[in-house]
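**Student:** attaching a predicted model along with its sequence, questions to come.
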Amino acid sequence: MSGLAEYFEQHRYKPQYYIGDRVQGKWNEIPFRGSVGNDTLINELEGPRISVHSDLPIKYKGTYYTVIIVKHKDIKEFK
């Protein structure tokens, strides 16, 4: 069993943000602030992405969003 743990430790994606980390940034040119839900790698083509639970609902094209998916380049840590 330790062989699998060692493999994943050496070869798989390690998150930059963890659950509950506070972040801010822009999503579709709309500024937001919220908490990280997940920082994961879905596939190698798309690259890593982060789900963020926004503090306030975001209205975009007539729909309100409370959870958004962003790339690392679109956010930074909120201090």
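**Tutor:** Cool, got the structure. Numbering: from 1, shown residues only.

**Student:** could you report the neighbour count for Ile69?
**Tutor:** Per other Cβ atoms under 10 Å, the neighbour tally for Ile69 reads 14. For glycine as for every other residue, the C-beta is placed from the backbone atoms N, C-alpha and C.

**Student:** same thing with Pro15?
**Tutor:** Pro15 has 15 neighbouring residues, counting by other Cβ under 10 Å.

**Student:** okay, and it sits in which element?
**Tutor:** Pro15 belongs to no helix or strand when assigned by DSSP states H and E.

**Student:** please apply the same query to the one 10 residues further on.
**Tutor:** Secondary structure assigned from DSSP H and E places Gly25 in strand 22-27.

**Student:** ok, residues contacting that strand?
**Tutor:** Residues outside strand 22-27 that contact it (Cβ atoms under 8 Å, 6 or more residues apart in numbering) are 17, 31-36, 50, 52, 58, 60, 68, 70, 74-78.

**Student:** quick check: ChimeraX command selecting the buried ones in the residues you listed.
**Tutor:** Selecting only the buried entries of these in ChimeraX, with 16 or more other Cβ atoms under 10 Å as the criterion:
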select :17,32,34,35,36,50,52,58,68,70,74,75
